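Peer 1: Okay, predicted coordinates and the sequence, questions at the end:
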Amino acid sequence: MTIIGMLHHRKDPETVVKAYAFAAIAAAEGAQFFYFTPGEVNFVNRTIKGQVYANGKWSTKIMPFPDVIYNAGSPEKLSKSKEIMKKMKNEIPFTTHSIGNKWSVNRRLKEAKDFASYLIPTEVVKNADHFHHYISAFDKVVFKPIDGRKGQGIFFIVKEDEQFVVRGNGYYRNFSRIQVEEFITQKLENETFIVQPYIQSITKSGQVFDFRLHVQKDGNGEWVITTIYPRVAPRGSIIANINSGGYTNYLDPFLEQEFKQDAYNIKKKLEYFSLTLAKHMDELQMEKFGEVIDEIGVDIGMDENHKLWIYEVNWRPGCPPTFYLEMDVVKYTVQYAMYIANNQKAIQNKIRDVKRKRQKQTEQVPIIGITGSAGKTTTKAFLSSILSKKWNVFESKDYWNTTEHTKKHAAEINASHQAVVLEYGMAYPGVITEHCKIIQPTISIVTNIGLAHVGNFNGDPKGVAKAKSELIHGMDQQGVLCINRDNDNSKFLETENFKGKILTVGIKRNANYRAYDVQYAENGMSFKMKLKNEEIELFIPIFGEHHVYNALSAIAIADHLGFSPMEIKTGLLFKKPPRRLTIYNCKDNITLIDDTVHSHPEGVRAALDVLSNIAKKRKIAIIGQMRELGDLRETEYRKVGDYVQQLGIDILLTYGFRTEEIGAQAKSKGMGASNIFHFTDRDKLHTHLKELIQEEDTILIKGASKTNMFETVQFIDRNYS
């Protein structure tokens, strides 16, 4: 006869209603059952002072160690007896093991990929600016405490033009941008909040609902569905939680009422999802802890396209008493306990098999190398941000792209990393070949071929393309390569003998990943594209069409690696690299644009585009020297001068060696001489700016780090902040 022990933190079994059901079902199934607490365990003679239910009452009895233990107590309260618990687990199999809190479960599902596309993207809110970036991308969001319970403290926030509608917890107010910032900041002072896109499941009558999926293992160790039922929120509420006034319903009539001819297919989808997710969670538990689980409850939503979204995965879920399923739950648990007691060898063999299988699946870590004349750091930042939504990513530091840096990276990458994202910089032939010898990429991105360092290649972009092609020759020849279809010089890349897969990105030309409806938005760029055969609207929190190309390269690789559109959309809300079109809002409504890391003709024109698109009134451009143009300097400076005049820039200031050629060309094209200034002395430049700058000016400062143009950013920020 199998002996089952129920472990609990409470001493009196009469206070644990479930104990009566276990006693009755165990007797019916031919098992012996007793109740005990950790303090009653005697390891010396392997006995436990337990409570046995017979003849309508509980009585104390000295019992031998059980064949299996059902752990029914609170993990927090039982943790006080962790040494006893640990010793018992070493000697006696447990039927149930904690799968962790909802955030650790979320993280595990993300990392394991299989069900990551069903997770709602979630971000811990750092500050009001972070919140604004998120709502700019999704328009409707849920803002709630990270450790919230029973639907408390949840707010639904909708952006409508310049207003924000906030409701939840008895709240229903329209806020201005400043008011919503104050609201967010006040909440963050007291606790940690998260933000998610709001995925609504709504009945025909306009009520919010979700589904609870309850699955268990049976007497054969197989997963079975205990119940699936909808939970419907009261009118006006956004929370279907029963503790918030929601109510339950039976599945079949609910589906018939809401979905008519689709009811049967949706029911089958829910059943299949329940069992496959349970098996997946079970394998994750085996892989990570060498344990099996026995029961989970999953709360899911379903959007207007009938796509399922996981809200939460719960360990040891309760059944609503309406359905009188308590005895069914206990029956499965007792039968599974008996299976556990008698099949330990088979279970341990299965755990070993699962570990081996999942180890093989994770052996291939994508190593992504990024090169190009411009956009390497921003592309790296976009891609790392997306991949980090479910993986542990090794990301090279900003601007750490020399071969010496790559050697350091090789020493730092370890088995915990699930993806590697690196920049490969170069100024001369042979450098990228050396990068690839140190760390060979399996995936590569060439952002574009431009005029950066072109002076080192006799002024010929074909020479730059040849040097960048070293990445194509040095990477895994069966890997994946991403290139820019709109960049004319990319046609010189040497792809003829590459045997892998080539992905293309573009805006103006057809490409595998093409953006359209590209527009300047409030805090960045918005655009649309097709992903998984569906149109998706995306937002990046950085200005400039050239950065849409960087985002597209990151999207292409993330999509290839199996990331969902929602994960990609969230990952694009990245931490922008410093001094790359950073916006400072100064006093007197003056806007300062800091783009002072690199400077080459394409980058200068892209920055001027940003100035032209976001300026409120006067457009002031301060342009520093561009290095390593060689014999192309004069021609390219003239092209920049043409562009300054073409865009209608109001005031042009140039700084550094021969940059007066830019102003001379702008003047020759019709720009007024009184609006053009040239300096070789920084102090004189700053003195002039004090006299020049007016209210509501928008000022672009564009220059390379080597020309120290950031000092001018600091000067303006000090004097106008």
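Peer 2: Cool, the structure landed.
Peer 1: how far away is residue 336 from residue 221?
Peer 2: 7 Å (C-beta to C-beta, to the nearest Å). From N, CA and C alone the C-beta is placed, and that goes for glycine too.
Peer 1: out of those two, which sits in the more crowded spot?
Peer 2: Applying other C-beta atoms under 10 Å to residue 336 and residue 221 shows that residue 336 carries more neighbours, namely 25 against 16.
Peer 1: May I have the residues that are in contact with that one?
Peer 2: Shown here is residue 336, whose contacts under the criterion C-beta atoms under 8 Å, 6 or more residues apart in numbering are 95, 216-219, 221, 294.
Peer 1: so which strand or helix has it?
Peer 2: Taking DSSP states H and E as the definition, residue 336 sits inside helix 326-342.
Peer 1: just so I have it, where are all the helices in the stretch 551-700 of the chain?
Peer 2: 565-571, 601-614, 633-646, 660-668, 682-692 (DSSP state H, counting those that start in this stretch).
Peer 1: Which strands and helices lie in contact with the first one?
Peer 2: Helices and strands touching helix 565-571, by 3 or more C-beta pairs under 8 Å, 6 or more residues apart in numbering; DSSP states H and E, are helix 128-138, helix 376-387, strand 534-540, helix 545-560.
Peer 1: 7 Å - rerun?
Peer 2: helix 376-387, strand 534-540, helix 545-560 (3 or more C-beta pairs under 7 Å, 6 or more residues apart in numbering; DSSP states H and E).
Peer 1: ditto for the third one
Peer 2: Helices and strands touching helix 633-646, by 3+ C-beta pairs under 7 Å, 6+ apart, are helix 601-614, helix 660-668.
Peer 1: can you tell me which of those comes nearest to residue 182?
Peer 2: When these are compared by C-beta to C-beta, helix 601-614 sits nearest residue 182, at 25.3 Å.
Peer 1: For the stretch 301-450 of the chain, give me the ranges with low pLDDT.
Peer 2: 319-324, 360-363 (pLDDT under 70).
Peer 1: do the same with the chain
Peer 2: Using pLDDT under 70, the flagged stretches of the chain are 111-113, 148-151, 238-245, 319-324, 360-363.
Peer 1: Determine the longest helix present in it.
Peer 2: Scanning the chain for the helix with the most residues, using DSSP state H, yields helix 263-289.
Peer 1: Using a markdown table, lay out the helices and strands packed on helix 633-646 together with distance to residue 275.
Peer 2: Below are the helices and strands packed on helix 633-646 laid out as a markdown table (distance: least, C-beta to C-beta, whole Å):
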| stretch | distance to residue 275 |
| --- | --- |
| helix 601-614 | 52 |
| helix 660-668 | 67 |
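Peer 1: In a markdown table, list the ones you listed along with distance to residue 413 and mean neighbour count.
Peer 2: Shown next, in a markdown table, are these (distance: least, C-beta to C-beta, whole Å; neighbours: other C-beta atoms under 10 Å):
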| stretch | distance to residue 413 | mean neighbour count |
| --- | --- | --- |
| helix 601-614 | 30 | 21 |
| helix 660-668 | 43 | 20 |
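Peer 1: so which of the ones you listed comes closest to residue 637?
Peer 2: Nearest to residue 637, of these and by C-beta to C-beta, is helix 660-668 at 4.2 Å.
Peer 1: could you give the angle of the closest one to helix 601-614?
Peer 2: 50 degrees (axes from the mean of the first three to the mean of the last three C-alpha atoms, to 10 degrees).
Peer 1: Please shift the residue numbers so they start at 39 in all later answers.
Peer 2: Done: numbering now begins at 39, and the last item shifts to helix 698-706.
Peer 1: For helix 698-706, which outside residues touch it?
Peer 2: Outside of helix 698-706, the residues within contact range by C-beta atoms under 7 Å, 6 or more residues apart in numbering are 661, 672, 675-676, 678-680, 682-683, 690, 692, 711, 714, 716.
Peer 1: Geometrically speaking, which residue is the centre of the protein?
Peer 2: Among the residues of the chain, residue 427 comes closest to the average C-alpha position under C-alpha atoms, centre = their mean, at 2.9 Å.
Peer 1: Tell me which helix or strand it sits in.
Peer 2: Going by DSSP H and E, residue 427 is not in any helix or strand.
Peer 1: before we move on, what about residue 248?
Peer 2: Residue 248 belongs to strand 247-255, assigned by DSSP H and E.
Peer 1: tell me what that strand is packed against?
Peer 2: Counting contacts by 3+ C-beta pairs under 7 Å, 6+ apart, strand 247-255 packs against strand 261-270, helix 301-327, strand 333-340, helix 364-380.
Peer 1: could you dump that strand to CSV, C-alpha only?
Peer 2: The C-alpha atoms that make up strand 247-255 are tabulated as CSV, following Å, rounded to 0.1, in the frame of the first residue of the first chain:
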residue,chain,number,x,y,z
PHE,A,247,-12.8,38.4,-20.0
ASP,A,248,-10.0,35.9,-19.8
PHE,A,249,-9.6,32.1,-19.6
ARG,A,250,-8.3,30.0,-16.8
LEU,A,251,-6.7,26.8,-17.9
HIS,A,252,-6.2,24.2,-15.1
VAL,A,253,-4.1,21.1,-15.9
GLN,A,254,-2.7,18.3,-13.8
LYS,A,255,-0.9,15.0,-14.1
